[in-house]
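Participant: what would the 3D arrangement of this be:
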Amino acid sequence: MTPETLSRYWAGEFLAANAFIALNIVGALLLGMLVGYERSYHGRAAGLRTYGLVCMASCALTVFVGFPSLWYGGANAHVDPDPTRVVQGVVTGIGFLCAGVIMKDGLSIRGLTTAASIWTVSAIGVLLGAGFYAAALLFAVLSTLSMSLLRRLESRLPGQRTLQVALTFREGYLPRLEEVIQNTGARGYRMVRNSLTIDFGENRQIWRFSVVALDRSRAASPATIAEQLSTAEGVASFTIAPVRN
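Facilitator: Residues are numbered from 1 along each chain as shown. Model (predicted):
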């Protein structure tokens, strides 16, 4: 490494390339934070910092491929990189990060939206690094709107609600399946029979099963069901949890 070689890194062409890459990285940070704010606002573990870092990293790994003649001070000007392999590596690496935010709790799977949005923000960084600035900006705005506005639209559209129910019966009480199904139907739900599991211990039965609302707008709310179960004959304790994804 000679002084002449070191001076190349501070030549006009190198400085211009560094400034261009830096501007792309700053833009990726802002777009990543735009998408991440929605997750941060709703109290998710991945927020502004995670999304900003993912978008910046994706952008940096994409944009530097466009300057192979400047790599290592121009010593490897003959290098001809393949940008598609870089994008493939970015997508694969982000996949491992997305898997870390997905959690399964019973029938509920949480973190799918966060994982999908992290994968999306990496694509935003790739678009930005490749020079498609308008497309990256539009992608970021649409991603943010889809996670915020579509949530409200989804809650207003007709659909079914799924609840996971666990009933602990009093000692010596023998529940009847037909009676549980009848009570479930009276509250506007249908019991999913193949989801029923029964545990027995200390002369008590614990039933765990899922129920699906026949009409989400007419079915009883979890609070109403809890009020009714608190006075139900034979029920010692219970839990009601929405099935999320």
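
Participant: now the spatially most central residue of the chain: how far from residue 193?
Facilitator: For the chain, residue 114 is the residue whose C-alpha lies nearest the centre (C-alpha atoms, centre = their mean; 1.8 Å). As judged by C-beta to C-beta, to the nearest Å, residue 114 and residue 193 stand 33 Å apart. In this view, the C-beta of every residue, glycine as well, is placed from N, C-alpha and C.

Participant: check residue 103 too.
Facilitator: 27 Å.

Participant: with residue 119 instead?
Facilitator: Applying C-beta to C-beta to residue 119 and residue 193 gives a distance of 36 Å.

Participant: more neighbours: the two, which one.
Facilitator: Of the pair residue 119 and residue 193, residue 119 is the one with more neighbours under other C-beta atoms under 10 Å, namely 15 against 10.

Participant: for stretch 40-53, list every residue counted as buried.
Facilitator: 40, 44, 46, 47, 48, 50, 51, 52, 53 (16 or more other C-beta atoms under 10 Å).

Participant: check for me that the second one belongs to a strand.
Facilitator: This means residue 44. No - counting by DSSP: H, G, I helix; E, B strand; the rest coil, one finds residue 44 to be coil, located in no strand.

Participant: wait, it sits on residue 114?
Facilitator: Yes - when contacts are counted by C-beta atoms under 8 Å, residue 44 is listed as touching residue 114 (5.4 Å).

Participant: and the longest helix belonging to the chain, what does it pack onto?
Facilitator: For the chain, the helix with the greatest residue count under DSSP state H is helix 12-41. Counting by 3 or more C-beta pairs under 8 Å, 6 or more residues apart in numbering; DSSP states H and E, the packing neighbours recorded for helix 12-41 are helix 48-63, helix 112-129, helix 133-156.
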